[in-house]
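K.L.:
Dropping the sequence and predicted coords here.
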Amino acid sequence: MSAKQIKQQRRPVPAQKPRKAQPKSSGRPRRRDRLDMSAFRALLLQEQARLTREQNEIESRTARRGKLDAAVEEQDFDENPGDAASETLERGTELALERNVRDLLEQIQLSLSKIEDGSYGVCDHCGRAIAERRLKALPYATLCIECKDRMERG
């Protein structure tokens, strides 16, 4: 063993700082002061516009498919079971996409209202600040990464 390795073994392990106790909730949302709210508002509005366009496209496809289905039903042809299964799967996928877009739009609207009332960027579960990096990646996040992980693990 070298002298450097021996010195490294002798070094004491630095003590970890104790975590601060979490403040008790006063019933009203906490404020987050250091974030540039205008930048996050712009991110949210940009995502809202993108999702609204996507929602309109889904609704347009659904309307076209409905007209096509009505025309095919009037022809009264025997339908291939594989075609019917594919059509059912496609409809289910469209409905799931539409529901997902609608949920995201609701989350964005909630985040925009949180910006207005000053509670944006604060975890809904524990009341701590949500990391700015997380908010940049997912501007409508309502949980800090720790609470989200705990929730997903069950």
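P.N.:
Now that the structure is in, tell me what you want to look at.
K.L.:
Starting from the helix or strand hosting E90, tell me the next helix or strand along the chain.
P.N.:
Per DSSP states H and E, E90 falls inside helix 81-117. Using DSSP H and E, the helix or strand that follows helix 81-117 towards the C-terminus is helix 132-137.
K.L.:
Give me the buried positions along the helix holding E90.
P.N.:
97-98, 101, 104-105, 107-108, 111-112, 114-115 (16 or more other CB atoms under 10 Å). The way it works is simple: take the backbone N, C-alpha and C, and place the C-beta from them, glycine included.
K.L.:
Quick check: mean pLDDT of that helix?
P.N.:
Per-residue pLDDT values over helix 81-117 give a mean of 89.
K.L.:
Can you tell me which helices and strands that helix packs against?
P.N.:
Where contact means 3 or more CB pairs under 8 Å, 6 or more residues apart in numbering; DSSP states H and E, helix 81-117 is packed against helix 37-75.
K.L.:
Against R91, how distant is the nearest residue to R102 once chain neighbours are set aside?
P.N.:
Once flanking residues are discounted, R102 sits nearest to Q55: 7.0 Å by CB to CB, 6 or more residues apart in numbering. Plainly put, Q55 is 17 Å away from R91 if you go by CB to CB, to the nearest Å.
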